[in-house]
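Peer 1: need the 3D shape of this:
(chains A and B)
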Amino acid sequence: MLFHTWVFGVFFLVFYPVYLAVKGTRLRDYWLLLSSYVFYGWWNPLYLLLISYSTVVDYFVVLRMAKSRHRKLWLALAVSNNLCLLATFKYAGFVTENLNALLAAMGGQYVIPVPNWLLPVGISFYTFQSMSYTIDCYRRRIQAEPRFVRFATFVSLFPQLVAGPIQRASNLLPQLQQEQKITLADVTDGLSLFLVGLFKKVALADYLALYVDKVYGAPGHYQGPALLLATAAFGWQIYFDFSGYTDMARGIARTMGYKLMLNFNHPYLAEGLGDFWSRWHISLSSWFKDYVYIPMGGNREGQLKTYRNMCLTMLISGVWHGATWMFVIWGALHALGRVFTRELEKTAFWMESVPKFVKQMLVYAFVTFAWIFFRARSMGDARVIISRIFSPQWVDPAFPLLAAMLVLMVWLYQHLYESRARWALQLAPVKVGLATCMILYLAMMVGSSDRPFIYFQF
Amino acid sequence: MTSSVQAPEKTPVLSREEALYGSVEMPLSVRQWIWAAAVVLLVLTGLPVAGKRRETFRPDPDYRVPYEMSSDYWLFERYSRLAASESKTLVVGDSVVWGEYVPADETLSHYLAALAGEKKFANLGLDGMYPVAQAGLLEQYGEGISNSRVILHFNPLWMASREHDLREGKEFRFNHPQLLPQFSREIPAYKASFADRLEIVAERLLPFRPWVRHWRWECLGGADLARWTLAHPYASPISAVVKSAEGDAPVRRANLSWKERGATVQDFPWVELGESPQWRAFRDSVEMLRRQGDTVLVVVGPFNEYMLTPRSREGYRRVVSEVGKWLQETGVLYFVPPSLPSEYYADASHPLSEGYAMLGREILASEAFARLLQPTTEKSTQGTNR
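Peer 2: Take a look at the predicted model:
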């Protein structure tokens, strides 16, 4: 069930009045859980088996952990259970294919059958959310949730279930534990977030996708200008797509009285790669920081180990996105980029002499370049794209001017939002004007859209 | 030479509250939402009216909705209202009425007007229409067809087989899915997903959508803005006018008889009307028109009987007989014209120009048509079958 479809609209129309009626009662958790499972099972009811299994195991393991002297053992059991789920459904095919390639290279005749299992939507998100709960309980940062239904609701709460933001138990569980008070501001803020998210997804991301899909579908048919623009367009497409989803998720949750964490904060205005990762997919970046980077030692054990930890974290982040070598390369590029820019940011020249705008442009260029490996279908395609971008031969890219103008307007809006002139965007006529334009654009200019979100595949 | 320096403390862009729970970049208060909603409503209700005024629509006597705009139901509604207001006799039907193989000035409505000596017949045929969709068209967009004389064409082709009758379970490519019943009645061959059906129903609830679709046909050739700019990357969508509602549709197919096309004799099995969704929908259309105060004359066929095997011809005659029986029982004027000469057919159901001329003459000479012209009180309930 996608947020920007009529099916979700009907689902929410049924869900919300009942939710308002039961939010002050014990039925609330049951209703939330039931609705979340309907929402998730709409894709494929079989997915419910997996999420139920993961939920049951984590719930009971944490309860046992609280009473056990072998806490680490229970932690290991819960974490490995979740990692096994991911390994089975997400990485088994990738590992088998590579093993087969290795066997073939060594002259082996045997071919291991490649499993072709369906990747359950959102598995990377809810397993990570569940793992964070287990680890935080182990670290005694939070208390184990005694009510199963509430814990299951925390794992599966439908606005954030399939693509985040990956919630920390310390943020969401207390909200689920207390009686929900929904103010009028919650509803209007939720609507505002939803509208912005819907516009980002349907009017911008899906628009750019038309050009990106065309060019990246057959990169050999295009020259440098089109490939360059398609790469830049993909950078914006994935931003609009994912942040649009997040905005809608946060908006829906807000109308229900829940505050989900911020996931994107104008990442293309970042002045360094570290800054970029503190603005892009914040819930995942902070997850990796708290549960991978810092446990490995973080920056506490000298420069070399800091860089090792940084690189490993980025590589794991790459693999989290998908089971292909392209994602590994993407992660590796960001790892190297982070090491390099960390050094660069220590220099007086970079800090004092390079204008902010130039820094932003350099970061943007690097991130955009790295997207090539994220989007290209194969290494061969990526090679073609890079070689043609850097040996330009002018052929009209036929990139829609309107799309370029829309992106430019968003970019200017974000600059203004982060400047001292932010007050101008908070003026009532500006906000009403923008909201009106967005609604009218969606009502009149956009075709029917049921294109799934990019991050659902992760 | 570079030296190591401490990065200066930056003022965080977001407050702690914002960083934890996320900022709302464009928070609108209740009052601001009301303002936005009011402006949107004003624009969406005003634009169709303004568009109608701006867009000159003076269809010539042989006007028919252009082929490319067959799904522009707003245009159909506008044209049908206009034609009804000019006291024209409205000729309603599928591509047989529209004139699949002939130019606009050789269609049935043209010949009816030419032979009657007055330009009082309007071609309300739509390409790709079939009875189930036509019932939807009349229900959703046919409000303007009221207190008028209507010649409703019945094309027996839609009952020639279970597939034509939309009863085959296998997937069938549908024209005009927006006009079909989505949840109220089952059409076995219509396999749209729940999501698609829901989208169609939801669109029906948005009164401005037909105009938006019309505007897109007019300016963007039917595409949405994104797809249009992909094809015209540097053009301005504001100034673009791809298709004028007043433009005539060119002849789509060559003026050849069915034999010249190489069509062969068919053994259509014909369906039982009692279970036919198409027949049921056709009856609904007739009753709907009558409820709206229209006087309806149903013209049945004429189907190309030369293209049928003897056995199939029997089936066809049974269908026509049952159709006539129902029309007679319900008191609807009807006329079953005799078969046209074989060479006047382009295929199983579409006449060529000479066929339309002959059919026009037959209709005008029929007793049923004479009754159609009579004032309401004088009409009897009898049809004719010559």
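Peer 1: doesn't A:Val446 fall inside a strand?
Peer 2: No. A:Val446 is assigned coil when assessed by DSSP: H, G, I helix; E, B strand; the rest coil, not a strand.
Peer 1: so where's the longest helix in the chain?
Peer 2: With no chain named, the answer covers chain A. Using DSSP state H to assign secondary structure, the helix with the most residues in chain A is helix A:224-255.
Peer 1: think we crossed wires, I meant chain B
Peer 2: Under DSSP H, chain B gives helix B:30-54 as its longest helix.
Peer 1: what is the mean pLDDT for the longest helix of chain A?
Peer 2: For helix A:224-255, the per-residue pLDDT values average out at 94.
Peer 1: what's the answer for stretch B:290-297, then?
Peer 2: Per-region confidence: stretch B:290-297 scores 93 on mean pLDDT.
Peer 1: show me where the stretch 151-300 of chain B has its helices.
Peer 2: In the stretch 151-300 of chain B, the segments counted as helices under DSSP state H, counting those that start in this stretch are B:194-204, B:209-220, B:225-231, B:277-291.
Peer 1: and the third one, what does it pack against?
Peer 2: In terms of contact count using 3 or more C-beta pairs under 8 Å, 6 or more residues apart in numbering or on different chains; DSSP states H and E, helix B:225-231 is assigned the packing partners helix A:206-217, helix A:401-417. Any C-beta I mention is one placed from the backbone N, CA and C, and that applies to glycine too.
Peer 1: let me see the contact set for the residue most central in space within chain A.
Peer 2: Averaging the C-alpha coordinates of chain A gives a centre point, and the residue nearest to it by C-alpha atoms, centre = their mean is A:His281 (5.1 Å). Counting by C-beta atoms under 8 Å, 6 or more residues apart in numbering or on different chains, A:His281 touches A:164, A:242, A:263-264.
Peer 1: near the nearest residue to B:Gly142 once chain neighbours are set aside, how many other residues are there?
Peer 2: If you skip the residues right next to it in sequence, B:Gly142 has B:Ser80 as its closest partner in space, 6.6 Å away by C-beta to C-beta, 6 or more residues apart in numbering or on different chains. Other residues within reach of B:Ser80, judged by other C-beta atoms under 10 Å in any protein chain shown, total 27.
Peer 1: what about stretch A:1-20, distance to the chain center?
Peer 2: In terms of C-alpha atoms, centre = their mean, to the nearest Å, the centre of stretch A:1-20 is found 22 Å from the chain centre.
Peer 1: show me which residues of that stretch are buried.
Peer 2: By 16 or more other C-beta atoms under 10 Å in any protein chain shown, the buried positions in stretch A:1-20 come out as A:1-8, A:10-12, A:15, A:19.
Peer 1: so which of the contacts of A:His281 sits lowest on pLDDT?
Peer 2: Within the set of those, pLDDT is lowest for A:Gly164 (74).
Peer 1: pretty sure it is touching A:Ile282, no?
Peer 2: No. Because the distance of 9.6 Å does not satisfy C-beta atoms under 8 Å, A:Gly164 is recorded as not touching A:Ile282.
Peer 1: looking at these two, which is more packed in?
Peer 2: More neighbours surround A:Gly164 than the other of A:Gly164 and A:Ile282, with 28 against 22 (other C-beta under 10 Å).
Peer 1: that older thread, for the helix or strand that contains the residue nearest to B:Gly142, packing partners?
Peer 2: Element membership for B:Ser80, per DSSP states H and E: helix B:73-85. Helices and strands touching helix B:73-85, by 3+ C-beta pairs under 8 Å, 6+ apart, are strand B:89-93, strand B:121-125, helix B:131-141, helix B:209-220.
Peer 1: export the third one as CSV, just CAs?
Peer 2: This file holds the C-alpha atoms of helix B:131-141, laid out as CSV (Å, rounded to 0.1, in the frame of the first residue of the first chain):
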residue,chain,number,x,y,z
PRO,B,131,-22.9,-0.9,-24.7
VAL,B,132,-21.4,-1.3,-21.2
ALA,B,133,-19.2,1.8,-21.6
GLN,B,134,-22.0,3.7,-23.3
ALA,B,135,-24.3,3.1,-20.3
GLY,B,136,-21.6,4.6,-18.1
LEU,B,137,-21.1,7.5,-20.6
LEU,B,138,-24.8,8.4,-20.5
GLU,B,139,-25.0,8.0,-16.8
GLN,B,140,-22.0,10.1,-16.0
TYR,B,141,-21.9,12.6,-18.9
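Peer 1: elements contacting it?
Peer 2: Contacts of helix B:131-141 with other secondary structure elements, assessed using 3+ C-beta pairs under 8 Å, 6+ apart, are made with helix B:73-85, strand B:89-93, helix B:277-291.
Peer 1: deepest-packed of the ones you listed, please.
Peer 2: Sort the helices and strands packed on helix B:131-141 by mean neighbour count, taking mean count of other C-beta atoms under 10 Å in any protein chain shown, and strand B:89-93 sits at the top with a mean of 25.
Peer 1: given that one, what are its sheet partners and their directions?
Peer 2: According to DSSP bridges, strand B:89-93 has the following sheet partners: strand B:121-125 (parallel), strand B:149-154 (parallel).
Peer 1: need those strands in a markdown table (columns: mean pLDDT, mean neighbour count and distance to A:Val202).
Peer 2: Shown next, in a markdown table, are these (pLDDT from 0 to 100; neighbours: other C-beta atoms under 10 Å in any protein chain shown; distance: least, C-beta to C-beta, whole Å):
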| stretch | mean pLDDT | mean neighbour count | distance to A:Val202 |
| --- | --- | --- | --- |
| strand B:121-125 | 94 | 27 | 35 |
| strand B:149-154 | 95 | 25 | 41 |
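Peer 1: need the ones you listed in CSV with distance to B:Val296, can you?
Peer 2: Listed next are the strands paired with strand B:89-93 as CSV, based on distance: least, C-beta to C-beta, whole Å:
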stretch, distance to B:Val296
strand B:121-125, 13
strand B:149-154, 5
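Peer 1: closest one to B:Leu179 among the ones you listed?
Peer 2: The minimum distance between B:Leu179 and the strands paired with strand B:89-93 falls on strand B:121-125, with 14.4 Å, by C-beta to C-beta.
Peer 1: with just CA atoms, put that closest one into PDB.
Peer 2: The C-alpha trace of strand B:121-125 is given here as PDB (Å, rounded to 0.1, in the frame of the first residue of the first chain):
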ATOM      1  CA  PHE B 121     -28.700  15.800 -36.700                       C
ATOM      2  CA  ALA B 122     -25.700  15.600 -34.400                       C
ATOM      3  CA  ASN B 123     -23.100  12.800 -34.500                       C
ATOM      4  CA  LEU B 124     -22.700  11.800 -30.900                       C
ATOM      5  CA  GLY B 125     -20.900   8.500 -31.800                       C
END
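Peer 1: tilt between that strand and helix B:73-85?
Peer 2: Inter-element angle recorded for strand B:121-125 and helix B:73-85: 160 degrees (by axes from the mean of the first three to the mean of the last three C-alpha atoms, to 10 degrees).
Peer 1: got the contact list for strand B:121-125?
Peer 2: Residues contacting strand B:121-125 (C-beta under 8 Å, 6+ apart): B:62-64, B:76, B:79-80, B:83, B:86, B:88-99, B:104, B:107-110, B:112-113, B:145, B:151, B:153.
Peer 1: got the phi and psi for the closest residue to B:Glu287 other than its chain neighbours?
Peer 2: With C-beta to C-beta, 6+ apart as the criterion, B:Glu287 has its nearest non-adjacent residue at 7.9 Å, and that residue is B:Thr330. B:Thr330 adopts backbone torsions of phi -90, psi 0, taken as degrees, to the nearest 10.
Peer 1: hmm, B:Leu289 and B:Thr330 touching each other?
Peer 2: No. Checked against C-beta under 8 Å, the pair B:Thr330 and B:Leu289 is beyond contact range at 12.0 Å.
Peer 1: could you pull out the strands in the stretch 251-386 of chain B for me?
Peer 2: Using DSSP state E, counting those that start in this stretch, the strands found in the stretch 251-386 of chain B span residues B:295-300, B:333-335.
Peer 1: could you point out which of the ones you listed sits nearest B:Glu362?
Peer 2: Proximity to B:Glu362, assessed across the strands of the stretch 251-386 of chain B by C-beta to C-beta, is greatest for strand B:333-335 (7.8 Å).
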